[in-house]
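Q: heads up, no residue letters with this:
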């Protein structure tokens, strides 16, 4: 069974640009969550999508947005990039229930802002 | 606000030297506590879910336990391939969805 796939693996952008990251969940999983991982802050929750609707949102500015398609694939967009946005962006998928089921992570997209 | 604190930040062991990692948590009703392993350049790999105090789960050299305030990950006779960062996360009952709150992790190095 294929795992969570994130593309691209690496991205280099400059300040002010925007970027779109993609995530394909495990087949049959309907929930997709996004996290930002940095050395100083650890893993922080960005948002979660379930059945094409945002179900939960973390404390990030509106420059961070996402969407989910009917096949459960998800994209995350960051506009007006800042140096502090340099991080590893991780996507995680789960069946989508509310019984404490585990999330399964992809290997992330490493975003570097110059 | 949910909080997770892991200790120690880093741990060096000799091969075969057993030890434990700690995860202290504060959450308004625990739906689940999760342990993950993360290797450099990779995403977190799921290890265990614990749901209630007193529960224990085992996998090879790893054993996770849970109390009402903390969880321990016991590593018995570790091998160099157990070297990784171990992450603990909680999911609250009041969470509408799958949101996890993570600790900063414990970086484990096992020397041969």
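A: Looks like it arrived, so ask away. The shown structure was predicted, so the numbers you read here are calculated from the model rather than taken from an experiment. Numbers count the residues shown, from 1 in each chain, chains lettered A, B, ... in the order given.
Q: what pLDDT does whatever residue of chain B ends up closest to chain A get?
A: Chain A sits closest to residue B:32 of chain B, with a gap of 3.0 Å, by Cβ to the nearest Cβ. To be clear about C-beta, it is placed using only N, CA and C from the backbone, and glycine gets the same treatment. Residue B:32 carries a pLDDT score of 95 in this model.
Q: so it is in which element?
A: Following DSSP states H and E, one finds residue B:32 within strand B:30-38.
Q: quick one: pLDDT of residue A:97?
A: Reported pLDDT for residue A:97: 71.
Q: whoops, I mixed them up, residue B:98
A: Reading off the model, residue B:98 has pLDDT 87.
Q: In the chain, mark out all the strands, start to finish.
A: Since you didn't name a chain, this refers to chain A. Using DSSP state E, the strands of chain A run over A:5-7, A:10-13, A:19-24, A:31-38, A:42-50, A:53-57, A:64-68, A:74-78, A:87-94, A:104-105, A:109-113.
Q: Oops, wrong one, chain B.
A: According to DSSP E, the strands that chain B contains are B:3-7, B:10-14, B:19-26, B:30-38, B:45-50, B:56-59, B:62-66, B:70-75, B:84-92, B:101-102, B:106-111.
Q: Please name whichever of these is nearest to residue A:11.
A: Checking these against residue A:11 by Cβ to Cβ gives strand B:30-38 as the closest, at 20.3 Å.
Q: can you list contacts of that closest one?
A: With contact meaning Cβ atoms under 8 Å, 6 or more residues apart in numbering or on different chains, strand B:30-38 is reached by A:98-103, A:105, B:23, B:25, B:44-52, B:64, B:66, B:71, B:73, B:84-93, B:95, B:100, B:105.
Q: Please identify the deepest-packed of the strands of chain B.
A: Highest mean neighbour count of these: strand B:84-92, a mean of 24 (counted as mean count of other Cβ atoms under 10 Å in any protein chain shown).
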